[in-house]
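Colleague: pasted the sequence and its predicted model underneath.
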Amino acid sequence: MPEGTICNKRPVATREDLDALLADSNGKKYYAEMEQLDVDAEKLWATIQKTMKSRTKTWLDICAHCGLCADSCFLYSVNGRDPKQVPSYKIQSTLGEIVKKKGNVTNEFMRMCMDTAWSKCTCCNRCGSFCPYGIDMGVMFGYLRGLLHSQGFVPWELKIGSGMHRLFRAQMDVTVEEFVDTCEWMVDEALEEWPCLEIPVDKEDADIVYMINAREAKHYPEDIVEAAILFHVAGENWTMPSEGWEMTSLSMFAGDWEACKMQVETVYGAMERLRPKRMVATECGHAYRATVIEGPYWAGRPDGQPPVECLHYVEWVAEALETGKLKIDPAKRIKEPVTLQDSCNYVRNAGLRDCGRIIMKHIAEDFREMSPNKEHNYCCGGGGGFNGIGRYRKQRNVALKMKREQILATGAKFVIAPCHNCWDAIRDLEEEFEIGIRWSFLKPLLIKMLVVPEHLLPQE
Ligand code: SF4
Ligand code: SF4
Ligand code: SF4
C-alpha cells in the first residue's frame, strides 16, 4: 500500500514537506492518510531488536500486574479510575503486544497505540516512584513513541514540530538573523527604562550562556528582555549564542530520535564555541530535560554530561537571591496566598525541589504548598506534548482537573509556574474551568520586586 503524501514514514526533509503539512487544516488529510498507512512489520521488529534496552525488556517481563501503580497516575484518577488508564495496562496493551507479536500488528492497532502513547501518558514519570520494581511508564512510553514515529504514526502537530527542529534547529521557524534582530529591537525598546541594558550575542568565555525556548523568540520576546534585565541587575557576565540558543525538543515529544540528536548537538555546539563557565536555561521544564538529562545520551557524550555545567532558571534565581546578587524589596513581596507548580522535568527528574522553596522564602509572604508536592507533585495535565495536540484536546481538558483540585485546595488564587508547558496548562485550566486564578513566570514578578542599584536607574 502506498505511503501518504503527508502522513508517511519519512521525516520532514524540506520546506515543501513542512508547508504541505502546515497547509492541512487540523491535520484532516494527514489523519485520513494515516488510516491507509502500511505497518512495515519487518522493519519494526528490526528496530525493536536494535534499540530496545534490556531494562525496557525486563520491565515488560517482570511487571507483576499488582496494580499498585494505578493511583500514582493522575490520568487514572481523573478518568473515573478507568482500568484502561492503569499505567501497567496502558503499556502492556501497546508496547507489550508489539513486542509479543514481533512487530506483526495492524494499522488499527498502531493508531490505538498512538492514541494511548500521546493521550494517556504525559511521560511525567510519577508512576515509576510508586512501583515496587521502579517500572517507569514515562520511560517506556518515550520508547514506544519512537517506534510509532519510525512507522509514521505520530500526531500531526508533532510531525510538524520535529520537522521544524530538523529544518530550523528550533521548534518554530526563527532564523539566526530574526533571532539576533529580535534581541536588538527588544533592547532598544527597553533602553529608556534600563540604560546600558545589553543582550550580548556570541561573547566568548562569559560566565553564563543563556538559552531559551523558541516561543520566547517568536511570541514572547519580552521574556528575553526580562532575563536580560535580571542578569544586568545581578551584574552577570553573560551572553546568548546567535545559533544554538533553542533548547526545547518537540522531537522528544514526537519520538523523533534523529531530530533530538540534531537539535541537542546544535545546542552543545554553541556551548563548545563560546566556552562559557555555565549555561542557564530559561523557565522551561522539557527544554531542561532535553538538554541536560536526555541530551548527553542522544549526542553520545561519553561522560553522560553536557559540555558545561547547566542550571535551570530556578537554580540561578535561588542562587542570585541567596548570594544577594538580586535583592527583593520587602515592601514589594507577594502578600496574597500564592502557590507553586513543581515541574516534573526538573523537580521529579532532576531533584531541584529546594530551589522553588528558596525563591518563595524571598518573594512570598503566604506561600501555600500544593499537596502532594515536590517530587511527588502531579503533572500539570499538559505535559509530553499533550497541550499541543488538537486531536486530544477533550482528553487534555479532563487531565487538567487534577491540577485544578490541587490549586483550589491551597486556597491561593495566584500560581507561579516556572515552566512553559505548565504555564500553558494552568492558563488553559483557567479558561476551561474559570476558577478565578492568575498565573505567572518568575521573571516579570522578580523585576517588579527588585531593589535596583542607583547607578542602573535612568539619570534625570
Ligand atoms: S506497580 Fe509495577 S509491578 Fe505493579 S502493576 Fe504497576 S508497573 Fe506492574
Ligand atoms: S508517566 Fe505519568 S502519565 Fe504516564 S502512566 Fe506514569 S503516572 Fe501516568
Ligand atoms: S508540563 Fe510540567 S507538570 Fe506536566 S509533565 Fe511537563 S513538566 Fe511535568
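Modeller: It's in. Residues are numbered from 1 along each chain as shown. Ligands and ions are numbered 1, 2, ... in the order given.

Colleague: can you name the residue of the protein nearest ligand 3?
Modeller: For the chain and ligand 3, the shortest gap (C-beta to the nearest ligand atom) falls at G383, measuring 2.1 Å. In this view, the C-beta of every residue, glycine as well, is placed from N, C-alpha and C.

Colleague: what's the closest non-adjacent residue to that residue?
Modeller: Leaving aside its sequence neighbours, G383 sits nearest to T122 (C-beta to C-beta, 6 or more residues apart in numbering; 3.7 Å).

Colleague: and the one you found, which of the three is it?
Modeller: Of the three states, T122 takes coil under DSSP: H, G, I helix; E, B strand; the rest coil.

Colleague: residue contacts, it?
Modeller: Listed by C-beta atoms under 8 Å, 6 or more residues apart in numbering, the contact partners of T122 are L75, G138, C379, G381, G382, G383, G384, F386, A399.

Colleague: quickly check: the helix or strand hosting A217 near ligand 3 or not.
Modeller: A217 belongs to helix 214-218 when assigned by DSSP states H and E. No. Helix 214-218 stays clear of ligand 3 (C-beta under 6 Å from any ligand atom), getting no nearer than 13.7 Å.

Colleague: from the chain's centroid, how far away is that helix?
Modeller: Centroid separation for helix 214-218 versus its chain: 14 Å, with C-alpha atoms, centre = their mean, to the nearest Å.

Colleague: what's next to it, contact-wise?
Modeller: Contacts for helix 214-218 (C-beta under 8 Å, 6+ apart): 170-172, 174, 178-179, 182, 223-224, 245-246, 248, 282, 420.

Colleague: closest to W156 among those residues?
Modeller: Q171 (14.7 Å; C-beta to C-beta).

Colleague: check the secondary structure at M172 for me.
Modeller: M172 carries the three-state label coil when classified by three-state DSSP.

Colleague: sec struct for P296, please.
Modeller: Assigned with three-state DSSP, P296 falls in the helix class.

Colleague: show me what contacts it?
Modeller: D303, G304, Q305, P306.

Colleague: out of those, which are buried?
Modeller: When the contacts of P296 are checked for burial by 16 or more other C-beta atoms under 10 Å, the buried set is P306.

Colleague: got the contacts of helix 214-218 as TSV, with distance to V451 and pLDDT columns?
Modeller: Below are the contacts of helix 214-218 laid out as TSV (distance: C-beta to C-beta, whole Å; pLDDT from 0 to 100):
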residue	distance to V451	pLDDT
A170	36	92
Q171	36	92
M172	36	89
V174	34	89
E178	35	93
F179	32	94
T182	29	94
D223	22	96
I224	23	96
W245	30	96
E246	33	96
T248	33	96
T282	23	98
H420	28	95
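
Colleague: low-confidence stretches in this structure?
Modeller: Counting by pLDDT under 70, the chain has low-confidence residues at 1-2, 460.

Colleague: and it, which residues reach ligand 1?
Modeller: Contact residues (C-beta under 6 Å from any ligand atom) of the chain with ligand 1: C63, A64, H65, C66, G67, L68, C69, P87, S88, C131, Y133, I135.

Colleague: can you turn the buried part of these into a PyMOL selection?
Modeller: Applying 16+ other C-beta under 10 Å to the residues of the chain next to ligand 1 leaves a buried subset, and the PyMOL line that selects it is:
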select buried, resi 63+68+69+87+88+131+135
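
Colleague: go through the residues of the chain next to ligand 1 and flag which are in helices.
Modeller: In helices, defined here by DSSP state H, the members of these are P87, S88.

Colleague: among the residues of the chain next to ligand 1, which one lies nearest to E3?
Modeller: Among the residues of the chain next to ligand 1, P87 lies closest to E3 (C-beta to C-beta), at 32.9 Å.

Colleague: how about the contacts made by the closest one?
Modeller: C69, A70, S72, C73, Y76, C121, C127, C131, M137.

Colleague: filter the residues you listed to the buried ones?
Modeller: Applying 16+ other C-beta under 10 Å to these, the neighbour count classes C69, A70, S72, C73, Y76, C121, C127, C131, M137 as buried.

Colleague: closest point of the stretch 201-350 of the chain to ligand 1, which residue?
Modeller: Here the residue of the stretch 201-350 of the chain nearest ligand 1 is R348; by C-beta to the nearest ligand atom that distance is 16.9 Å.
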